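S.K.: Structure of the sequence below:
(chains A, B, C and D)
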Number of protein chains: 2
Amino acid sequence: MPRTGRPRAFNREEAVVAAMLLFWEHGFEATSLAQLRAAMGNISAASFYAAFESKEGLFREAVDFYISTYGQVSESFRDRSVTSRAAIEEGLRRSAQMQTERSHPLGCLINLSAVACSPELEHIRELLSKEREKVRGWQKDCIERAIANGELPESTDILMLVTLFDTFLRGMSSQARDGVPLEVMNAAITQLMSIWDGLSVRVGDRSNV
Amino acid sequence: MPRTGRPRAFNREEAVVAAMLLFWEHGFEATSLAQLRAAMGNISAASFYAAFESKEGLFREAVDFYISTYGQVSESFRDRSVTSRAAIEEGLRRSAQMQTERSHPLGCLINLSAVACSPELEHIRELLSKEREKVRGWQKDCIERAIANGELPESTDILMLVTLFDTFLRGMSSQARDGVPLEVMNAAITQLMSIWDGLSVRVGDRSNV
DNA sequence: TGACTTTTGGATCGATTAGTATAAAAATAA
DNA sequence: TTATTTTTATACTAATCGATCCAAAAGTCA
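M.R.: Numbers count the residues shown, from 1 in each chain, chains lettered A, B, ... in the order given. Predicted coordinates for the structure are as follows:
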């Protein structure tokens, strides 16, 4: 981008990735500027602020990067090329898979990096809360589509079902952090999805009449 | 306890309660000594350290107090006077009820006050992780009892079922923090418990044969 | 070359962090 | 009263927090 001037000595994107991993592991507040700068290749404070303006500015970029990479697993909830049931299940399974990978911090950055924070950092918590709300909205759309196309009956309690799946989804971050392995999580997902089958309209089923 | 010496000018237990509420709301790391001392009735630093030794010492007492009061909702998982199913359901419902009450911070202190923290505070995270593990153990005992007394079939995947309920339980802390109301949570719990009924051994059921 | 632009290293900012030192204050015990 | 014990107020510590200042360095452009 800058055509003139002294060239930057560090790779900006690599720096954002390194920062994201720290924020993911320790959260926004517990990650210090000193740690960030060290992880970004021992860059100076001047270089840091010239490139990112503030700690919060960097965090926002780190969150954006996370969403565009690891967080893409949530996009499964928006997949309209498969049944709603498959979209929900795939969203859960891909989240479980990603969150238990050992090549990066366990759990989900959006769920973990600002759960509890100082009063003056409440806007950071809300920033992530809005991202969680987005994902919840995709699950809601998914279930509404299921009702619209007959996968689920009209009588389905949408808010209840969204809450059921979304609560489980969020709980996975805690479980992953505490070391629960993927296979166990996947078995639980299989069982959770059986609820969908119990609710779905089955041919010849007159039990609700 | 102290028979001689200048009497303490503040109520120790009240101070622990005030501290617990701060830790619950903002987490261990984000709660400063200054905030704690202010909430404890503007006590001096000297008074603080004389009474609690350190911030961590106070936190441990706050956690103990939480467990002996608000955290008692988890005791439902250990209730052997009712069916295992009722114990699990009651544990979830009482947790949902407690975590959505507006008379104190939302969610569960054990799940929220040290999810992500500095590397040097990892032992604090582990302290809470062990408490979570306890509750998970109670749920496991509960399910094993169900199998032993015929509520659930011998073929039941214990680890899967524990994970299913415990993951939902933990997710409730996140949902409560984001403002999901109790009624919605309760509807989801009702649906979640239907899984139990689907697994339970029913008279005349030959579908698994 | 010399003007211009941006990044750099290094020193530093004021505020805040958890925690201490000291001695006076306030109680009991003999 | 005097000795003993504990808590108190006040001042202070060293370290760290996020962020800034400044001048040298290192590039482009005319």
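S.K.: Setting the sequence-adjacent residues aside, check what's closest to A:Ile147.
M.R.: A:Thr156 (5.5 Å; C-beta to C-beta, 6 or more residues apart in numbering or on different chains). To be clear about C-beta, it is placed using only N, CA and C from the backbone, and glycine gets the same treatment.
S.K.: Look up how far B:Gln35 lies from that neighbour.
M.R.: Per C-beta to C-beta, to the nearest Å, A:Thr156 is found 46 Å from B:Gln35.
S.K.: of all the residues in chain A, which ones are close to DNA strand D?
M.R.: Within chain A, the positions lying close to DNA strand D (C-beta under 7 Å from any atom of the strand) are A:3-7, A:31-35, A:45-46, A:48-49, A:54-56.
S.K.: How about the contacts made by A:Ala18?
M.R.: Residues in contact with A:Ala18 (C-beta atoms under 8 Å, 6 or more residues apart in numbering or on different chains) are A:36, A:39-41.
S.K.: Could you look up the SS state of A:Gly150?
M.R.: Using DSSP: H, G, I helix; E, B strand; the rest coil, the structure places A:Gly150 in coil.
S.K.: Excluding chain neighbours, what is closest to A:Lys140?
M.R.: Leaving aside its sequence neighbours, A:Lys140 sits nearest to A:Val162 (C-beta to C-beta, 6+ apart; 4.8 Å).
S.K.: And the strand or helix carrying A:Ala188, what does it pack against?
M.R.: Remark: A:Ala188 resides in helix A:182-199, with elements defined by DSSP states H and E. Contacts defined by 3 or more C-beta pairs under 8 Å, 6 or more residues apart in numbering or on different chains; DSSP states H and E place helix A:182-199 against helix A:84-100, helix A:158-177, helix B:158-177, helix B:182-199.
S.K.: With A:Lys134 as the reference, name the closest of the ones you listed.
M.R.: For A:Lys134, the closest of those is helix A:158-177, at 11.3 Å, according to C-beta to C-beta.
S.K.: Report the inter-axis angle for that closest one versus helix A:84-100.
M.R.: 20 degrees (axes from the mean of the first three to the mean of the last three C-alpha atoms, to 10 degrees).
S.K.: thinking again about what came up before, of the contacts of A:Ala18, which belong to helices?
M.R.: Counting by DSSP state H, those place A:36, A:39 in helices.
S.K.: For B:Trp24, state which of the contacts of A:Ala18 is nearest.
M.R.: A:Leu36 (28.3 Å).
S.K.: Count the residues that sit near the closest residue to DNA strand C within chain A.
M.R.: Closest approach between chain A and DNA strand C, counting by C-beta to the nearest atom of the strand: A:Gly5, at 2.0 Å. Applying other C-beta atoms under 10 Å in any protein chain shown, we find 6 residues neighbouring A:Gly5.
S.K.: Ok, A:Ile195 next?
M.R.: 18.
S.K.: confidence score at it?
M.R.: Here, the pLDDT recorded for A:Ile195 equals 97.
S.K.: In contact with it, which residues?
M.R.: A:Ile195 sits in contact with A:164, B:191-192, B:194-195, where contact means C-beta under 8 Å, 6+ apart.
S.K.: sorry, back to before: among the residues of chain A next to DNA strand D, the buried ones, what's the PyMOL command?
M.R.: Applied in PyMOL, the following selects the buried portion of these according to 16 or more other C-beta atoms under 10 Å in any protein chain shown:
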select buried, chain A and resi 31+48+55
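S.K.: and the helices and strands packed on helix A:182-199 as a markdown table, adding distance to B:Gly150?
M.R.: A markdown table is the format used below for the helices and strands packed on helix A:182-199 (distance: least, C-beta to C-beta, whole Å):
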| stretch | distance to B:Gly150 |
| --- | --- |
| helix A:84-100 | 31 |
| helix A:158-177 | 28 |
| helix B:158-177 | 15 |
| helix B:182-199 | 12 |
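S.K.: Can you give me the buried ones in the helix holding A:Ala188?
M.R.: Buried-residue list, helix A:182-199, by 16+ other C-beta under 10 Å: A:184-189, A:191-193, A:195-196, A:199.
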